[in-house]
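Participant: okay, here's the prediction I keep looking at, along with the sequence it came from:
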Amino acid sequence: MDNSKLMPDQFWPRMHARIEHWLEARRLLLVIYCELSEHNSNKGRQLQIFCQQLIDYISEGHFEIFEELLREGYLFKDAKGIEKGEDLLITIHDYTQNALDFNDKYLATDDLTTLSTDLSSLGETLAQRFDVEDNMVDILHNAHYQQAL
């Protein structure tokens, strides 16, 4: 169904379900990250799975979740939320580039000698990104809960 034709009280529950699905994808990404960080013999295959999950998570955020969060801000006529959300989106884009660089590097090489260091750096980037994403969800979604009832 086209979310742009929904009323705010109809849009909010649908968006909430999408966010929950996306956060489950984040949880799965973290599980795979932890497994990849452990020492075992099948790092190449795990790395492929991790990179695919990373790109899927980032893509869903950028091309679905963030756009819909801003749309929710407009539906609820939340000018301050929209302004903060747009600022947060700029920060998220910065963190995205680091994740894409990691993905590009390990798609182009079988050399895993710096994987541990790169994973550690990526983990810090992801933690910061998740904080910003959570802030965006709070500002542009959770803040509208009472209005959606």
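Facilitator: All right, it came through fine.

Participant: residue ranges in the chain under the pLDDT threshold?
Facilitator: Low-confidence segments of the chain, defined by pLDDT under 70: 1-6, 40-41, 148-149.

Participant: can you rerun that using 90?
Facilitator: Low-confidence segments of the chain (pLDDT under 90): 1-13, 37-46, 75-76, 107-112, 142-149.

Participant: for it, just list every one of the helices.
Facilitator: For the chain, the helices defined by DSSP state H cover 8-37, 43-60, 66-75, 79-107, 115-140, 145-148.

Participant: pick the most buried one from those helices.
Facilitator: Highest mean neighbour count of the helices of the chain: helix 66-75, a mean of 20 (counted as mean count of other C-beta atoms under 10 Å). Yep, even glycine has a C-beta here, placed from its N, CA and C like the rest.

Participant: can I get that one in PDB, CA atoms only?
Facilitator: Listed next in PDB are the C-alpha coordinates belonging to helix 66-75 (Å, rounded to 0.1, in the frame of the first residue of the first chain):
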ATOM      1  CA  PHE A  66      15.000   7.400   6.500                       C
ATOM      2  CA  GLU A  67      12.800   8.700   3.700                       C
ATOM      3  CA  GLU A  68       9.700   7.300   5.500                       C
ATOM      4  CA  LEU A  69      10.800   8.900   8.800                       C
ATOM      5  CA  LEU A  70      11.000  12.300   7.100                       C
ATOM      6  CA  ARG A  71       7.600  11.700   5.500                       C
ATOM      7  CA  GLU A  72       6.300  10.900   8.900                       C
ATOM      8  CA  GLY A  73       7.600  14.200  10.200                       C
ATOM      9  CA  TYR A  74       5.700  16.000   7.400                       C
ATOM     10  CA  LEU A  75       2.500  14.100   8.100                       C
END
